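> Just a sequence and a predicted model for now, questions to come.
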Amino acid sequence: MERIRRVAVAYYENLPEEKKRYARFIFDEMDKNRDGQIDLDEYVEYLKKHNNTIFTDPSMFRALDKDGDGSLDFEESITLYYILQSGRALFCDCCHTFLADVYFSCFQCFCLHESASTYDLCCDCYGGKKFNHHDDAIFWDNCTLLSKSRSLALGAPIENRRNVLEKIGTIADFTGMVVSGAVFASSFGCSIM
Ligand SMILES: [Ca+2]
Ligand SMILES: [Ca+2]
Ligand SMILES: [Zn+2]
Ligand SMILES: [Zn+2]
């Protein structure tokens, strides 16, 4: 989680004032009893209300609660804000743990099958071979996947490139390899946003 936390703080620091106020607004909305802290009940209630039930697992709350005091202060809530805003929440397709740091993705599902969703695994499930996936699957960790994908995108026909780039942008943003798609947009000479 530490990496996402750092990305979230950097992301937040670069937000325009209006968006920072919005982050504060969300925090206040979650903090029902106005004690300046979000406890597990407030957290679950807010997410259910906004149909984000994939996050309501207490393990996610514990991961966000950096100092482990059982509630989220504003700073800790920024990570959640970032994950919600970026829509980059990934969960292990085998054990459903939140993929906070390094994880493995099926290269074929990620890059080659246009419509299929990605297939991602936590290190435990991948290392312990606990998963069932198509036999010819090639797995890369998310950092390696990024550089492999770049070569693939550059080799792809122009009309497919945008699609590949969007997927790379998603994984890159999520893993904190870049904070905004602009880095990719400029290195590929086109806009992906
Ligand atoms: Ca509260
Ligand atoms: Ca805390
Ligand atoms: Zn897993
Ligand atoms: Zn696959």
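Sure, I can see it. Ligands and ions are numbered 1, 2, ... in the order given.

> Quick check, pLDDT for N160.
pLDDT, N160: 70.

> Next: N163.
70.

> ok, now which ones touch P157?
Taking CB atoms under 8 Å, 6 or more residues apart in numbering, we find P157 in contact with no residue. Placement of C-beta: from N, CA and C, glycine included.

> can I see the domain layout of this protein?
Here the domain parsing of the chain from automatic domain parsing is 2-86, 104-188.

> could you pull out the helices for the protein?
Applying DSSP state H to the chain gives helices spanning 2-13, 17-30, 40-49, 58-64, 74-86, 107, 123-127, 142-155, 158-175, 182-188.

> so can I have TSV of these showing mean neighbour count?
Converted to TSV, these look like this (neighbours: other CB atoms under 10 Å):
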stretch	mean neighbour count
helix 2-13	17
helix 17-30	14
helix 40-49	16
helix 58-64	17
helix 74-86	20
helix 107	19
helix 123-127	15
helix 142-155	16
helix 158-175	18
helix 182-188	15
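
> out of these, which comes closest to D135?
helix 107 (13.8 Å; CB to CB).

> Residues in contact with the closest one: which ones?
Counting by CB under 8 Å, 6+ apart, 137-140, 145, 148 sit against helix 107.

> shaky segments in the protein?
Residues of the chain meeting the criterion pLDDT under 70: 88, 113-116, 161, 164-165, 167-193.

> What residues does it have near ligand 3?
92, 94-95, 122, 125 (CB under 5 Å from the ion).

> how about the residues of the chain near ligand 1?
Close to ligand 1, as judged by CB under 5 Å from the ion, the chain has residues 31, 33, 35, 37.

> Max pairwise distance over the residues of the chain next to ligand 3: which two?
Among the residues of the chain next to ligand 3, C94 and C122 lie farthest apart (CB to CB), at 7.4 Å.

> Please say which of these two ends up with more neighbours.
C122 (25 against 18; other CB atoms under 10 Å).

> Contacts only, for the more buried one.
Counted by CB under 8 Å, 6+ apart, C122 has contacts 92, 94-95, 97, 99, 103-104.

> closest to I78 among those?
Looking across the contacts of C122 and measuring by CB to CB, the closest to I78 is L99, at 19.0 Å.
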